[in-house]
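Chemist: my questions are about this predicted structure, shown below with the sequence.
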Amino acid sequence: MIGKLYGTVDEIEGTSVLVKTADGVCYNVLVSASHANNLTIEQSVVFYIYTHVREDELRLFGFITKEEQKVFHMLIAISGIGPKSGMTILGYNKLEKLMTAVRAQDYQYFAGIPGIGKKTAQKILLELSAKFDVEFKLPKVTFTEDDKTLIEALVSLGFTRPEAFTVMDKISPDKSIEEKITEALHLLNNKK
């Protein structure tokens with residue numbers, strides 16, 4: 001497993017950076033959008049690496065500091081937060097702002113990140129607060145009977161509970177349970 005990567009920036013495409021090592025090997029490293037915007041071709045870089053392995057892919061995620069890498073590990077340990085979401089959360093603002101939001105229990109900070117809903121934001125704050133030794137003071141998330149029915153319906157259709165929780169935030173609470181299930185199925189099937 002790669003722990004740290006030294007090299008120069010060979011190419012930048014979005015958040016994907018090709019890092020050329022002294023041996024001439026280029027590694028494709030995914031970085032946060034804010035880091036990608038600050039890099040230039042031929043710039044010397046050092047990345048702490050998280051290697052994400054799945055049966056159909058191998059990806060390297062790069063971080064400028066060890067502290068950033070530690071927070072990323074905390075994020076992806078949260079149910080429903082994968083490496084891409086973790087990188088989006090880290091890249092939303094400076095790491096110091098994220099840490100300040102956790103210490104201040106600012107749930108709005110996380111809810112404002114694209115792709116993160118209200119309940120996911122509360123779950124992130126709860127998990128990170130415990131790891132940052134901060135007492136969690138937000139009211140406990142409660143589920144309505146419709147929420148419970150929606151989750152059970154999706155699970156019975158073969159989806160996992162984390163998948164069901166991720167779409168709950170994106171569905172209007174004013175809809176009937178049938179409309180919620182239909183919309184949830186549409187959202188989950190479009191993700192695949």
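Modeler: That came through fine.
Chemist: how about the helices in the protein?
Modeler: Assigned by DSSP state H, the chain shows helices spanning 33-37, 66-76, 83-91, 95-103, 107-111, 118-131, 145-156, 161-168, 177-191.
Chemist: redo the ones you listed as CSV? Include distance to residue 48, mean neighbour count and mean pLDDT.
Modeler: The way it works is simple: take the backbone N, C-alpha and C, and place the C-beta from them, glycine included. Listed next are the helices of the chain as CSV, based on distance: least, Cβ to Cβ, whole Å; neighbours: other Cβ atoms under 10 Å; pLDDT from 0 to 100:
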stretch, distance to residue 48, mean neighbour count, mean pLDDT
helix 33-37, 12, 16, 88
helix 66-76, 4, 17, 92
helix 83-91, 12, 21, 91
helix 95-103, 13, 16, 84
helix 107-111, 23, 17, 83
helix 118-131, 18, 19, 84
helix 145-156, 37, 15, 83
helix 161-168, 27, 19, 70
helix 177-191, 29, 14, 85
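Chemist: between these, which gets nearest to residue 20?
Modeler: Of all those, the one in closest proximity to residue 20, counting by Cβ to Cβ, is helix 33-37 (16.2 Å).
Chemist: care to break this protein down by domain?
Modeler: Each domain of the chain is listed here as a residue range: 4-63, 71-131, 145-191, per automatic domain parsing.
Chemist: measure the first one end to end?
Modeler: Between the opening and closing residues of domain 4-63 lies a distance of 9 Å (Cα to Cα, to the nearest Å).
Chemist: and the longest one, by the same measure?
Modeler: Using Cα to Cα, one end of domain 71-131 lies 10 Å from the other.
Chemist: out of the helices of the chain, which comes closest to residue 3?
Modeler: helix 66-76 (9.6 Å).
Chemist: the closest one - contacts with which helices or strands?
Modeler: Contacts defined by 3 or more Cβ pairs under 8 Å, 6 or more residues apart in numbering; DSSP states H and E place helix 66-76 against strand 44-54, strand 57-63, helix 83-91, helix 95-103, helix 118-131.
Chemist: hey, C-alpha coordinates of the third one in PDB?
Modeler: What it means is helix 83-91. The C-alpha trace of helix 83-91 is given here as PDB (Å, rounded to 0.1, in the frame of the first residue of the first chain):
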ATOM      1  CA  PRO A  83     -14.200   8.300  -0.300                       C
ATOM      2  CA  LYS A  84     -15.800  10.600  -2.900                       C
ATOM      3  CA  SER A  85     -18.100  12.100  -0.300                       C
ATOM      4  CA  GLY A  86     -15.300  12.300   2.200                       C
ATOM      5  CA  MET A  87     -13.200  14.200  -0.300                       C
ATOM      6  CA  THR A  88     -16.100  16.500  -1.100                       C
ATOM      7  CA  ILE A  89     -16.600  17.300   2.600                       C
ATOM      8  CA  LEU A  90     -12.900  18.000   3.000                       C
ATOM      9  CA  GLY A  91     -12.700  20.100  -0.100                       C
END
